[in-house]
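Q: kindly return the folded structure for what I paste below:
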Amino acid sequence: MKAVFDTNILIDYLKGISHANKELALYRRPCISIVTWMEVQVGLSDSDRGIVNKFLNRFEIIPLSQEIAETAVNIRKAHRLRLPDAIIWATAQELETILVTRNTKDFPAKDVGVRVPY
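A: Just a heads-up that it's a prediction; the model follows:
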């Protein structure tokens, strides 16, 4: 099964939170938006870069396409999200898969395309 993971799930995994590890193990085709890749990179120290990039290589990194950008604009307008969050959600929508996140402030847990695992 394919899924798009939000940044917070990856950060949880890197912090050793077992729920994140269990959630990631459920998906054969894990994906992240290029925005998530960037957000993880920003917080890295030089000493952590190698091991974190090895972890990130497990994911299909989805670039920003015109279709994702247009969907993100519509999501941002409809939900008043920050643009990075809108791009991440639009990535999942354009791939016709779920977004796995803990961010219930910005992503409605009741939405059929959003999974809040813990």
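
Q: number of residues surrounding A69?
A: 14 (other CB atoms under 10 Å). Backbone N, C-alpha and C define where each C-beta goes, glycine included.

Q: and it, how far is that from I87?
A: For A69, the distance to I87 (CB to CB, to the nearest Å) stands at 8 Å.

Q: I98 now?
A: 16 Å.

Q: the more surrounded of these two?
A: I87 (23 against 19).

Q: buried residues in the helix or strand hosting that one?
A: Take DSSP states H and E as the rule and I87 turns out to sit in helix 83-94. Residues of helix 83-94 classed as buried: 84-94 (neighbour count, 16 or more other CB atoms under 10 Å).

Q: what is the mean pLDDT for that helix?
A: On average, the pLDDT along helix 83-94 is 98.

Q: one more: stretch 63-75?
A: For stretch 63-75, the mean per-residue pLDDT is 98.

Q: what's in contact with that stretch?
A: Stretch 63-75 has contacts (CB atoms under 8 Å, 6 or more residues apart in numbering) with 33-35, 62, 81, 83, 86-87, 89-91, 93-94.

Q: low pLDDT regions in the protein?
A: Scanning the chain for pLDDT under 70 picks out no residues.
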